[in-house]
Every structure is written in C-alpha cells, then in structure tokens.
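Engineer: I would like to see how this sequence folds:
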Amino acid sequence: MNSVERVLTALNHGKPDKVPFAYGYIHPSVREAIIEEKIEDKNHYRVNWSPTFLPGEKLTDLNPDESTDVRVARKLGLDALGFQLLTPMMPLLERNEAGVNTIKGGLLRPNTLKDFKAGFPDTDDESLYKEAKEFVKRYKGEFALFCRIRLGFSPTLTSIGTAKCIEMVHNEPDFVKEVVDFYAEWMKGHIRNLQEIGFDFFWSFDDIADKNGPFFTSEELRDVFLPYLMKPAKEIKIPWIFHSDGELFSVIDDLMTLGMNGLHPLEPGSMDLRKLKREYGDKLCLVGNIEMKHIMKDASKEEVDEYIKGCMDVLGPGGGYMIADSNQVPAGSTAKNMLLISESVMKQRSIY
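Structural biologist: Numbering: from 1, shown residues only. Next up, the predicted model:
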C-alpha cells in the first residue's frame with residue numbers, strides 16, 4: 001500500500017499493510033529543529049488554533065498554513081500531510097512575555113453578535129482557497145492530504161469564552177444556539193468548497209472536554225449543539241476525524257451521530273485505551289496517542305520504544321488505528337525525540 005491507501009484503509013476501520021503515521025500539527029520551531037534550517041513563511045506561527053478578529057473587524061483570509069513542512073514529513077516518514085483553513089473565532093487574547101497569544105476569554109455577546117457575523121469572509125470567495133489548491137496540487141498522491149477544520153464546538157466555546165458559554169447553555173441557550181447555527185451554516189459552504197479541492201480527509205479540532213470530562217451533558221449536546229452541527233457534518237463526503245482532548249466516554253455515542261470515521265487524540269491519562277479499543281475499535285478509527293510532555297521531549301530511546309510498543313499492542317490489533325500525537329507536537333518537543341519516535345514507529349508498525 002502507499003500512504004494514501006494506508007491512511008484511508010485505517011480511517012474506514014480496515015486493516016492496512018502497516019499502522020499509518022501522522023501528526024495533526026507540528027510547531028514551527030520543532031519543524032526547524034528537525035530539518036536544521038530556518039523556515040521562511042509569511043504565516044510562520046501567528047496562532048495555530050484559528051484566525052481571530054475583533055468586533056468591527058472583517059477577515060480577509062483564514063490564516064492558510066501547512067500543518068508541517070513537507071521536508072519534515074518526509075524525514076519522519078509520515079503518511080499524511082495537512083493544511084489548515086480553520087474557522088474564525090472572536091477570543092479575548094493576551095500576549096505573554098514570549099510573544100505568544102493566549103486565550104483569556106471570549107468577546108462574543110448579544111451586543112457584538114451583529115459585528116461577529118459581519119466579520120466572516122464569504123465562503124465562496126475563491127481567494128480563500130488559493131494556497132490550499134496549490135498545496136493539493138503539489139502533494140496529491142505522495143501523502144494522504146488532510147485539511148484541518150473546526151466543525152463548531154471549539155469556535156463557539158472560544159468566541160464566547162468557555163466558562164461563559166457553559167453558563168449561557170444553562171441561562172441563555174437560545175443565544176448559544178444562534179451562534180452554533182451561524183457557524184453550522186458557514187461551515188456547510190466551507191466544507192463544500194474544500195471537498196472540491198481534492199483533500200483525502202478532514203481533521204476537525206473541536207475540544208469539548210478536559211481530563212475531568214465533557215463540558216456539557218449528553219442532553220445539553222443533543223439540545224444545543226448537535227442538531228445544528230449535524231448540518232455541516234452531513235456535507236462531509238470524505239473520511240474525517242473528530243478531535244477533542246479530555247475524557248469523552250459519556251458523550252462518545254452522541255458525538256458519533258455526527259458520522260466521523262476517527263477519534264483523536266485519546267489523551268493520555270484521560271482515556272482508558274483498552275476500554276476504548278474494546279467498545280469502539282470496530283466503529284471508530286482510533287487516532288493517537290503519543291504523549292507530549294515526556295515522550296516527545298526528553299524520554300530515552302528505551303522509554304520511547306516501550307511507549308510506542310504499548311500504543312501498537314493496545315490500539316493496533318484488528319486495524320482501525322493511526323498512530324499520531326496526543327494533541328499536537330508542541331514547542332517543547334525536541335528534534336532528537338521526534339526522530340527517536342519516528343525510528344521506533346518505523347520499526348514497530350508492521351503488525352498486520
């Protein structure tokens with residue numbers, strides 16, 4: 001099998017020739033360390049979660065960016081290569097001492113809703129997709145190509161502010177529904193246009209939980225979010241992965257009504273991997289779960305090998321598994337350990 005066949009087989013819950021290998025996003029500083037070269041890019045790390053705007057502003061692009069440098073993907077032996085055209089959001093940002101923006105809440109309220117809606121670009125503006133078309137043309141066939149998107153959970157939470165959104169689901173649910181529905185309608189057009197470009201799959205980054213569990217109950221998801229987000233989900237005609245950090249067991253069945261093929265990132269310490277494989281391994285492609293804080297940073301070769309073997313042993317049997325990051329490859333990751341991980345994956349992934 002080639003990389004495209006390998007990834008698509010796993011996403012369709014089949015057994016490929018070997019376990020596919022992918023990363024959703026690699027921080028630019030880590031990319032540079034891996035190839036030992038400065039990457040000159042106009043989009044070099046502004047924010048990696050979504051394009052952002054303030055009330056009264058209008059977006060003219062979607063921060064187009066590759067999820068990693070193709071030289072990094074080739075050096076690591078990745079089967080998938082990504083591009084991002086993420087959903088716009090209206091967060092309250094604060095720049096820290098390192099010059100990186102951090103989210104401190106959200107700016108979307110009933111009195112800013114009109115400006116919020118007016119700030120979005122028209123999904124039929126062809127200029128939004130120019131770089132994505134060039135990306136697909138360059139790498140089609142060499143990698144399974146994905147586009148990083150957001151279906152609407154994370155954008156709603158981030159634009160309103162997570163704590164405020166949780167409160168409003170209880171006290172002002174109609175406002176939250178209006179926001180989710182607006183995102184859903186915008187995403188329908190965005191998804192239609194992205195599919196025409198020729199991506200092999202989508203990877204939707206939509207955090208709705210943390211290590212303590214989901215932010216919303218099953219009933220709240222079914223009332224406030226899922227009826228609206230079902231609309232863009234039904235537009236998706238290619239395989240897709242749903243991403244959310246945290247412990248998800250109480251809402252997985254609800255989320256699966258959206259029709260995703262895969263679940264990412266299987267956060268270490270939050271998800272019981274054996275239970276996940278046993279109960280959902282024949283229904284979902286499980287995507288993850290390389291740990292970020294130690295394995296990607298400073299673990300020894302022996303620790304890396306043992307960890308990767310554990311992933312393969314628990315999640316690999318029967319197919320329907322793609323080894324990947326457990327959130328992303330963050331700035332603290334080291335080139336040494338990323339190469340150790342790659343070496344270990346290449347050595348251990350021929351398990352079928």
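
Engineer: just so I have it, where are all the helices in the protein?
Structural biologist: Using DSSP state H, the helices found in the chain span residues 3-11, 28-35, 70-76, 113-118, 130-139, 153-160, 162-171, 173-197, 218-220, 226-235, 252-255, 273-280, 301-315, 335-348.

Engineer: can you tell me the average pLDDT over the longest one?
Structural biologist: To tie it back to what came earlier, the one meant is helix 173-197. Mean pLDDT, helix 173-197: 97.

Engineer: ok, back up a step: compare the helices of the chain and give me the one nearest Asn101.
Structural biologist: helix 153-160 (12.0 Å; Cβ to Cβ). C-betas here are computed from N, CA, C, even on glycine.

Engineer: Need the CA coordinates for that closest one. CSV is fine.
Structural biologist: Provided in CSV are the C-alpha atoms of helix 153-160 (Å, rounded to 0.1, in the frame of the first residue of the first chain):
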residue,chain,number,x,y,z
PHE,A,153,-17.8,23.3,19.1
SER,A,154,-14.5,25.0,19.8
PRO,A,155,-15.3,28.1,17.8
THR,A,156,-18.4,28.7,19.8
LEU,A,157,-16.7,28.0,23.2
THR,A,158,-13.7,30.2,22.4
SER,A,159,-15.7,33.1,20.9
ILE,A,160,-18.0,33.3,23.8
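
Engineer: Once you drop chain neighbours, what's closest to the residue nearest the centre of the chain?
Structural biologist: Relative to the mean C-alpha position of the chain, the nearest C-alpha, by Cα atoms, centre = their mean, is the one of Phe205, at 3.5 Å. Take Phe205 and drop its neighbours on the chain: the residue closest to it by Cβ to Cβ, 6 or more residues apart in numbering is His243, 4.6 Å away.

Engineer: what about the one you found, distance to Gly82?
Structural biologist: Going from His243 to Gly82 by Cβ to Cβ, to the nearest Å gives 12 Å.

Engineer: which residues are common contacts for those two?
Structural biologist: Common contacts of His243 and Gly82, defined by Cβ atoms under 8 Å, 6 or more residues apart in numbering, comprise 24, 203.

Engineer: hang on, the earlier thing: show me what contacts the residue nearest to Phe205?
Structural biologist: Taking Cβ under 8 Å, 6+ apart, one finds 24, 203-207, 263-265 in contact with His243.

Engineer: any idea which of the residues you listed is closest to Pro173?
Structural biologist: Closest approach between those and Pro173, by Cβ to Cβ: Asp206, at 19.0 Å.

Engineer: Just the strands from the stretch 1-150 of the chain, written as ranges.
Structural biologist: Secondary structure of the stretch 1-150 of the chain (DSSP state E, counting those that start in this stretch): strands located at 65-66, 80-84, 91-95, 101-106, 144-149.

Engineer: Just send these back as CSV, with mean pLDDT too.
Structural biologist: Output for the strands of the stretch 1-150 of the chain, formatted as CSV (pLDDT from 0 to 100):
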stretch, mean pLDDT
strand 65-66, 90
strand 80-84, 96
strand 91-95, 84
strand 101-106, 84
strand 144-149, 97
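
Engineer: Turn the ones you listed into TSV, including distance to Pro20.
Structural biologist: Converted to TSV, the strands of the stretch 1-150 of the chain look like this (distance: least, Cβ to Cβ, whole Å):
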stretch	distance to Pro20
strand 65-66	19
strand 80-84	7
strand 91-95	33
strand 101-106	31
strand 144-149	8
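
Engineer: between those strands, which gets nearest to Met230?
Structural biologist: Comparing these by Cβ to Cβ, strand 144-149 comes nearest, at 15.6 Å.

Engineer: from the contacts of His243, which ones fall inside strands?
Structural biologist: Among those, the residues falling in strands (DSSP state E) are 203-205, 263-264.

Engineer: Widest-spaced pair of those?
Structural biologist: Farthest pair in these, by Cβ to Cβ: Phe205 and Leu263, 12.4 Å.

Engineer: measure Thr158 to Glu131 for me?
Structural biologist: Taking Cβ to Cβ as the measure, Thr158 falls 24 Å from Glu131.

Engineer: How many neighbouring residues does the spatially closest residue to Lys177 that is not a sequence neighbour have?
Structural biologist: Nearest non-adjacent residue to Lys177, counting by Cβ to Cβ, 6+ apart: Val224, 5.8 Å away. Val224 has 22 neighbouring residues, counting by other Cβ atoms under 10 Å.

Engineer: picking that back up, will you turn the ones in strands among the contacts of His243 into CSV that also has pLDDT and distance to Val329?
Structural biologist: CSV is the format used below for the ones in strands among the contacts of His243 (pLDDT from 0 to 100; distance: Cβ to Cβ, whole Å):
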residue, pLDDT, distance to Val329
Trp203, 98, 14
Ser204, 97, 18
Phe205, 95, 14
Leu263, 98, 19
His264, 98, 13
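
Engineer: Could you export those as a markdown table, including distance to Glu97?
Structural biologist: Below are these laid out as a markdown table (distance: Cβ to Cβ, whole Å):
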| residue | distance to Glu97 |
| --- | --- |
| Trp203 | 31 |
| Ser204 | 32 |
| Phe205 | 26 |
| Leu263 | 36 |
| His264 | 31 |
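
Engineer: Ala299: which of those is nearest?
Structural biologist: Proximity of these to Ala299 was ranked by Cβ to Cβ; the top entry is His264 with 21.3 Å.

Engineer: How about the backbone phi and psi for the nearest residue to Lys15 once chain neighbours are set aside?
Structural biologist: The shortest distance from Lys15 to any non-neighbouring residue, by Cβ to Cβ, 6+ apart, is to Gly319 (3.2 Å). Phi and psi for Gly319, reported as degrees, to the nearest 10, are phi 90, psi -170.
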